[in-house]
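[1] Here you go, sequence then predicted model.
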Amino acid sequence: MRRLFPLLLLPACLVDPTAWSDRRAALDCAGDWFVDSDGDGWGDAPATCGAAGAVETAGDCDDAAPTVHPEAEEIPADGVDEDCDGGELCFEDGDGDGYGLNRTVEGGLACDAPGQSTRSDDCDDRSQAVSPGADEIPCNSVDDDCDPLTLDVQEEVPGDGVDQDCDNLEACYEDIDGDGYGSATVQSLDLFCAIDGLAALGGDCDEGSGDVNPGASEVCNRIDDDCDHLVDDADPDVDPAGFQYVVADYDHDGFGNATESTMACYPPPGNNRLDCDDDDPLATIEQGWSLDEDGDLAGDGENVVTQCENPGGGLAPERNGVDCEPRDPDIYPLQIEDCGDEVDQDCDGLVDCADEDCHSDPRCLPPCADRGWAPASLPASINGTTAGAGKDETGICGGAQAPDVAVWFTSPVSGRVNFVLTSTAYDTILHAKTACGGAPLGCNDDAVALQSAISIDNVVAGVPFLVIADGWGAQAGPFTLRAQ
């Protein structure tokens with residue numbers, strides 16, 4: 001028999017959703033809240049719980065910079081307190097030279113307290129003379145500027161009073177004419193190149209004239225007085241005091257203007273007025289024009305057109321000669337011969353030392369010769385010094401172990417040539433040889449007090465031989481060599 005039990009109904013447990021949400025919010029908003037304006041998770045000013053950007057972590061010392069907060073990494077010496085601890089990481093500067101080691105110490109934001117610096121990379125924090133801001137001092141075996149790529153032994157700078165290459169010598173310019181400017185460099189014990197025959201300034205283009213040097217004034221004399229490769233009124237620095245009223249040659253090509261005259265140094269040859277275009281040095285008179293492929297203003301010799309005016313189109317005038325290498329812009333008839341590259345730069349069929357351009361070049365002198373001397377006429381003289389010179393071309397009358405200056409002399413006349421060594425304050429020897437280590441031609445040790453003299457017979461004009469200014473023992477100094 002199935003029994004029936006009555007259903008017992010219990011009252012339901014009802015929860016108010018609004019009350020539960022309020023209780024949950026109250027639990028979540030427990031504690032203090034702060035405004036995080038920069039979104040770095042750290043706040044500063046108090047905030048209302050639930051407000052946009054509000055966070056529970058305080059201590060941000062710059063709520064406008066997301067890289068600044070208590071857990072940020074401090075960047076040394078940038079003047080910013082990234083980790084908000086009230087200080088800065090500075091570089092430790094033990095010697096007070098403004099550069100510290102790469103080791104950091106706590107300091108103020110300016111890192112200006114003793115022993116602190118905003119700069120690092122000091123390679124010797126015990127010496128104020130050594131830092132990345134110092135100049136490298138040659139020859140002291142110290143890396144003064146903390147840059148191992150800057151060599152302590154450096155390339156010698158002539159005439160600056162500093163021995164960069166650490167050989168206890170200075171590179172001076174040999175000043176033969178005594179005008180304060182030299183050309184070739186020689187070694188000297190005098191760092192200031194103040195010995196007679198030497199100069200601290202270079203660039204002299206004529207060591208046979210004391211009036212020609214980079215410091216001279218350009219005047220109307222058909223000479224490049226100031227060594228800037230511009231002659232007379234082609235040089236804007238020319239002294240106009242020498243001007244005269246002449247046929248104009250504005251482009252300085254030797255062909256005069258058809259109608260105009262002007263104030264200038266000299267007229268064109270014969271006062272001609274043949275120039276068809278006095279603004280273009282290529283356009284002069286009726287002439288052939290040939291193809292100039294390499295742009296060096298010398299054509300291949302095959303005339304394309306004959307006319308006076310410049311036709312353009314990559315053509316060059318026949319008066320500039322025929323280019324022997326029409327595809328090489330560094331080789332053309334008006335080029336200067338390079339005396340050591342086995343190339344005929346000026347298209348005259350003569351290479352290096354065989355070319356007249358190179359007869360006085362040091363690379364074309366015998367091994368023992370210091371320089372060439374080919375005066376245009378006699379008498380003539382040159383100045384020099386044996387101080388700091390090398391070699392030892394001993395003469396038959398002495399001179400062993402003394403420094404000497406060997407001159408490769410080319411006479412302008414044949415017959416007898418007399419040489420005198422003067423302006424000396426030491427025991428001199430003057431001797432001559434046919435060549436380096438060759439047969440002696442003459443030798444003399446002080447014919448007159450502190451003056452040596454020799455006479456060479458049967459000299460042939462244009463045939464060079466050696467004349468050597470020497471000293472007795474180890475004596476050396478300035479001299480004047482006169483040929484007459």
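    Yes, it's here.

[2] how about the nearest residue to Tyr173 once chain neighbours are set aside, what does it touch?
    Of all residues not flanking Tyr173 in the chain, Gly182 sits nearest, at 2.5 Å (CB to CB, 6 or more residues apart in numbering). All C-beta spots, glycine's among them, are computed from the backbone N, C-alpha and C. Taking CB atoms under 8 Å, 6 or more residues apart in numbering as the contact definition, Gly182 lies against 172-176, 198-199, 201-202, 204, 207.

[3] rerun at 6 Å
    173-175, 199, 202, 204 (CB atoms under 6 Å, 6 or more residues apart in numbering).

[4] now that we have those residues, which one has the most neighbours?
    Counting neighbours by other CB atoms under 10 Å, the top entry in those is Asp175, with 29 neighbours.

[5] Please report how far that one lies from Ser141.
    Asp175 sits at a distance of 33 Å from Ser141 (criterion: CB to CB, to the nearest Å).

[6] again, but for Asp124
    13 Å.

[7] neighbour-wise, which of the two wins?
    Asp124 (19 against 8).

[8] For the more buried one, which non-adjacent residue is spatially closest?
    Val130 is the one closest to Asp124 (CB to CB, 6+ apart), at 4.0 Å.

[9] Which helix or strand contains the one you found?
    Here Val130, judged by DSSP states H and E, is contained in no helix and no strand.

[10] Number of residues surrounding it?
    When neighbours are counted by other CB under 10 Å, Val130 comes out with 21.

[11] Next, count neighbours for the residue nearest to Asn320 when sequence neighbours are not counted.
    Among residues not flanking Asn320 along the chain, Ala298 sits closest, at 4.8 Å (CB to CB, 6+ apart). Ala298 has 27 neighbouring residues, counting by other CB under 10 Å.

[12] Model confidence score at Ala298, please.
    Ala298 is assigned 95 on the pLDDT scale.

[13] Pull the number of nearby residues for the closest residue to Asp237 other than its chain neighbours.
    Nearest residue to Asp237, sequence neighbours excluded (CB to CB, 6+ apart): Glu218, at 5.1 Å. When neighbours are defined as other CB under 10 Å, Glu218 has 23 of them.

[14] Report the contact partners of Glu218.
    225-226, 235, 237-238.

[15] Closest one to Leu441 out of those residues, please.
    Set against Leu441, the nearest of the contacts of Glu218 by CB to CB is Asp225 (36.8 Å).

[16] Contacts only, for that closest one.
    So Asp225 contacts 212, 216, 218-219 (CB under 6 Å, 6+ apart).

[17] do Asp196 as well
    Asp196 touches Pro478, counting by CB under 6 Å, 6+ apart.

[18] quick one, strands of the stretch 101-250 of the chain?
    104-107, 116-117, 170-174, 185-188, 198-199, 244-247 (DSSP state E, counting those that start in this stretch).

[19] mind checking the SS state of the nearest residue to Thr259 once chain neighbours are set aside?
    Distance criterion CB to CB, 6+ apart; nearest residue to Thr259, sequence neighbours excluded, is Arg273 at 7.4 Å. Classification of Arg273 by DSSP: H, G, I helix; E, B strand; the rest coil places it in coil.

[20] Quick check: pLDDT value at Arg273.
    97.

[21] From the structure, what's the count of residues near it?
    Arg273: 18 neighbours (other CB under 10 Å).

[22] That one against Ala258, yeah?
    Yes. Using CB atoms under 6 Å, Arg273 makes contact with Ala258 at a distance of 5.1 Å.

[23] Among the contacts of Glu218, name the buried ones.
    With burial judged by 16 or more other CB atoms under 10 Å, the buried subset of the contacts of Glu218 is 225-226, 235, 238.

[24] In JSON lines, list the residues you listed along with pLDDT and distance to Arg327.
    Converted to JSON lines, those look like this (pLDDT from 0 to 100; distance: CB to CB, whole Å):
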{"residue": "Asp225", "pLDDT": "95", "distance to Arg327": "38"}
{"residue": "Asp226", "pLDDT": "96", "distance to Arg327": "36"}
{"residue": "Asp235", "pLDDT": "96", "distance to Arg327": "34"}
{"residue": "Val238", "pLDDT": "96", "distance to Arg327": "38"}
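
[25] Could you save the residues you listed as CSV and add columns showing distance to Val407?
    Converted to CSV, these look like this (distance: CB to CB, whole Å):
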residue, distance to Val407
Asp225, 26
Asp226, 27
Asp235, 32
Val238, 34
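
[26] Out of the residues you listed, the closest to Ala316 would be?
    Asp235 (25.6 Å).

[27] How about the contacts made by the closest one?
    Contacts of Asp235 by CB under 6 Å, 6+ apart are Glu218.

[28] Spatially central residue in this protein, please.
    Nearest residue to the geometric centre of the chain (CA atoms, centre = their mean): Val157, 9.5 Å.

[29] since we're on the residue nearest to that one when sequence neighbours are not counted, how many residues are nearby?
    Distance criterion CB to CB, 6+ apart; nearest residue to Val157, sequence neighbours excluded, is Gln164 at 5.8 Å. The number of residues packed near Gln164 is 19, by other CB under 10 Å.

[30] before we move on, the earlier item: what distance do you get for the residue nearest to the centre of the chain to Asp177?
    23 Å.

[31] contacting residues around the closest residue to Ala129 other than its chain neighbours?
    In space, and not counting its chain neighbours, Ala129 is closest to Asp144: 6.6 Å by CB to CB, 6+ apart. By CB under 6 Å, 6+ apart, the residues touching Asp144 are 130, 134, 136-137.

[32] Could you report the distance from the residue nearest to Tyr173 to Pro158?
    Distance from Gly182 to Pro158, by CB to CB: 9 Å.

[33] now Phe419
    30 Å.

[34] For the residue lying closest to Gly295 once chain neighbours are set aside, the count of nearby residues, please.
    Computed as CB to CB, 6+ apart, the closest residue to Gly295 that is not its neighbour in sequence is Pro329, at 5.7 Å. Using other CB under 10 Å, Pro329 has 16 other residues around it.

[35] I would like the residues contacting the host helix or strand of Asn383, please.
    Element membership for Asn383, per DSSP H and E: strand 380-385. Applying CB under 6 Å, 6+ apart, the external contacts of strand 380-385 come out as 176, 178, 195, 197, 373, 405, 478-483.

[36] and that strand, how far from the chain's centre?
    Between the centre of strand 380-385 and the centre of its chain there are 30 Å (CA atoms, centre = their mean, to the nearest Å).

[37] Need the phi and psi values for the closest residue to Asp341 other than its chain neighbours.
    Leaving aside its sequence neighbours, Asp341 sits nearest to Asp352 (CB to CB, 6+ apart; 7.2 Å). For Asp352, the backbone dihedrals (degrees, to the nearest 10) come out as phi 50, psi -120.

[38] Looks like Asp352 contacts Asp338 (just checking).
    No. Counting by CB under 6 Å, Asp352 stays clear of Asp338, with 7.7 Å between them.

[39] okay, and the common contacts of those two?
    Common neighbours of Asp352 and Asp338 (CB under 6 Å, 6+ apart) do not exist.
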